[in-house]
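Q: The sequence isn't on hand, but the structure is:
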DNA sequence: GCGGATCGGTTTGTGATGCAAACCGATTTG
DNA sequence: CAAATCGGTTTGCATCACAAACCGATCCGC
């Protein structure tokens, strides 16, 4: 096996799952995004989005702030420094894997 | 979300899992590889390799031939045309996703 | 102002998944 | 002939992803 394909084994599984990869890609460098925005962009169901966000938060990759804007609940998500680092590392590793795939 | 990151949702989940990506990458363009070779290259456990191979076979992506070489069992795996096509499609899509990730 | 739809999410239920350990028959080795 | 090894498979379990059901709060019709 070429070394770069072996790297696939080390791809952060938390980010590797497509739903969470989408979420992280959106949040990376965006300051903050709310629940409904992520819902539209990812096309996940609400339940799904909610649980993936919870998982990313538990990992310390994102922070979730619930507040009230006017009288409505508002859930804002932003990436943490740890999440930023993890995403950047994942991106580099993914690139290495993609480049290492046989043509 | 940039369109290419949305593509992540369509990455063939069967190939997307790192263990199976490794297996497919090895088998792609290699004629045939035996169980022990795959075992060494992927560093998976035997049970794991066995079940991932079974899954790929069930999907029609690979063919598994069990034979006896001399007096020992020998399991040879090769990629099928369907598997080749699926892998090539996955590779292209992965590249699109990797390229679309925010810098 | 009250009955129902809607908003913004969370919890629950369930089937699929991944992994490692236990197992298995056959073979080689001491 | 007993025990270790080879080449795998099956089992058991813990985790996962997903969708559907649920939930409190607001908004709308009347």
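A: Cool, the structure landed. Keep in mind that this is a model prediction, so the values were computed, not measured.
Q: Give me every residue in chain A that's in contact range of DNA strand D.
A: Neighbours of DNA strand D within chain A, by C-beta under 7 Å from any atom of the strand: A:17-20, A:44-48, A:51-52, A:55, A:70-72. C-betas here are computed from N, CA, C, even on glycine.
Q: 6 Å - rerun?
A: A:17, A:19, A:45, A:46, A:47, A:48, A:51, A:55, A:71 (C-beta under 6 Å from any atom of the strand).
Q: Which single one of those is nearest to DNA strand D?
A: residue A:47 (2.3 Å; C-beta to the nearest atom of the strand).
Q: tally of neighbours for that closest one?
A: The tally of other residues near residue A:47 (other C-beta atoms under 10 Å in any protein chain shown) stands at 8.
Q: anything in the helix or strand containing it near DNA strand C?
A: Assessed by DSSP states H and E, residue A:47 sits inside helix A:46-58. Yes. Judged by C-beta under 6 Å from any atom of the strand, helix A:46-58 and DNA strand C are in contact via A:46, A:47, A:50, A:51.
Q: Now rank the residues you listed by neighbours and give me the top one.
A: The most crowded member of the residues of helix A:46-58 next to DNA strand C, judged by other C-beta under 10 Å, is residue A:50 (15 neighbours).
Q: Identify the residue nearest that residue in space, chain neighbours excluded?
A: residue A:35 (8.0 Å; C-beta to C-beta, 6 or more residues apart in numbering or on different chains).
Q: which residues touch that neighbour?
A: By C-beta atoms under 8 Å, 6 or more residues apart in numbering or on different chains, the contact set of residue A:35 is A:49, A:50, A:53, A:74, A:75, A:76, A:77.
Q: Any of these buried? List them.
A: Buried subset of these (neighbour count, 16 or more other C-beta atoms under 10 Å in any protein chain shown): A:49, A:53, A:75, A:76, A:77.
Q: doesn't residue A:40 make contact with the first one?
A: No. Counting by C-beta atoms under 8 Å, residue A:49 stays clear of residue A:40, with 10.1 Å between them.
Q: Check which helix or strand the most centrally placed residue in chain A maps to.
A: In chain A, the C-alpha nearest the mean C-alpha coordinate belongs to residue A:24, at 2.3 Å (C-alpha atoms, centre = their mean). Residue A:24 belongs to helix A:18-27 when assigned by DSSP H and E.
Q: hmm, who's touching that helix?
A: For helix A:18-27, the external contacting residues (C-beta under 8 Å, 6+ apart) are A:14-15, A:33, A:38, A:41-42, A:44, A:48-49, A:52-53, A:55-56, A:61-62, A:77-79, A:83, A:87, A:90, B:1-2, B:5-6, B:8-9, B:11, B:13, B:16, B:97, B:100-102.
Q: contacting residues around the lowest-mean-pLDDT helix or strand in chain A?
A: In chain A, the helix or strand scored least confidently by mean pLDDT, DSSP states H and E is helix A:3-6, which has a mean of 79. Residues from elsewhere that reach helix A:3-6 (C-beta under 8 Å, 6+ apart): A:96, A:97, A:99, A:100, A:101, B:21, B:22, B:25, B:26, B:41, B:43.
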